[in-house]
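S.K.: This is a predicted model, with the sequence first.
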Amino acid sequence: MPMNIPNLLTWLRIVLIPLFVGIFYFEKSWVSLPNQNLVATVLFTLAAVTDWFDGWLARKLNQTSAFGAFLDPVADKLMVAAALIVLLQLGRLDAIIALIIIGREITISALREWMAQIGASRSVAVSLVGKIKTASQMIAIPMLLYDDPIYAYEPHIWGTWLIYVAAVLTLISMFYYLRMAWPQINNRL
């Protein structure tokens, strides 16, 4: 396992997950709900920024590795799944949205793993719709985490709309990846 700055940033995202979830388990007399929301939003946003930054740094410093390519999407999916479950528990997200997004991530991860094993991983390379879906999620989740109004701005309302857009894009991207992989799947049935 090569230890370089990009991989350390990926590990940082994984380490942030228990801190991110744990903030909501603090006694309300210790940390008020608005402060819990703020800390969780900051931690998730930090994780989202390091997601972009570690990939950019790996390419810039020529420090890409097979381990980093494996660990990066795992860290992303763990962080997003943790956030969706927290939002579900807080009553800020519908269960169907969490199921769609988490279910798609599991399905596409399994599909990519299988396609890599048969030497056809290019068939399910990241698409533009997948990138837009990820961006929508990464903007919506902090809005839903923060939840509290900022003057006339209602992050919860905007976050809710954006997470629904992300869910639709999630389904579209899942069907896109399945369609791209279908010839390989069909050949092996």
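M.R.: Here it is on my side, so go on. Numbers count the residues shown, from 1 in each chain.
S.K.: distance of A69 from H156?
M.R.: Going from A69 to H156 by C-beta to C-beta, to the nearest Å gives 35 Å. C-beta here means a position set from N, CA and C on the backbone, and glycine is covered the same way.
S.K.: Same question for E105.
M.R.: Where H156 is concerned, E105 sits at a distance of 24 Å (C-beta to C-beta).
S.K.: the more surrounded of those two?
M.R.: Counted by other C-beta atoms under 10 Å, E105 and H156 do not tie: E105 has more neighbours, with 19 against 15.
S.K.: so what's that one up against?
M.R.: With contacts defined as C-beta atoms under 8 Å, 6 or more residues apart in numbering, E105 is in contact with 77, 80-81.
S.K.: Looking at the residues you listed, spot the one nearest I185.
M.R.: Minimum distance to I185 across the contacts of E105 is 22.0 Å, recorded for K77 (C-beta to C-beta).
S.K.: Tell me, how many residues neighbour the closest one?
M.R.: As a burial measure, K77 scores 16 neighbours (other C-beta under 10 Å).
S.K.: Does S136 touch L162 like I think?
M.R.: Yes. At 5.5 Å, S136 and L162 qualify as touching, with contact defined as C-beta atoms under 8 Å.
S.K.: Would you map the strands across the protein?
M.R.: With DSSP state E as the criterion, the chain has no strands.
S.K.: Setting aside sequence neighbours, what's the nearest residue to I96?
M.R.: In this structure, I96 finds its nearest non-sequential neighbour in A167, 8.0 Å apart by C-beta to C-beta, 6 or more residues apart in numbering.
S.K.: and the gap between that neighbour and G68?
M.R.: Plainly put, A167 is 29 Å away from G68 if you go by C-beta to C-beta.
S.K.: neighbour-wise, which of those two wins?
M.R.: A side-by-side neighbour count of A167 and G68, using other C-beta under 10 Å, places A167 first with 22 against 19.
S.K.: dump the residue contacts of that one.
M.R.: Residues near A167 by C-beta under 8 Å, 6+ apart: 96-97, 100-101.
S.K.: State the pLDDT value of it.
M.R.: Looking at A167, its pLDDT stands at 96.
S.K.: contacting residues around the residue most central in space within the chain?
M.R.: With distances taken as C-alpha atoms, centre = their mean, the chain has V80 as the residue nearest its mean C-alpha position (3.6 Å). Contact criterion C-beta under 8 Å, 6+ apart gives 101-102, 105, 137, 141 as the residues in contact with V80.
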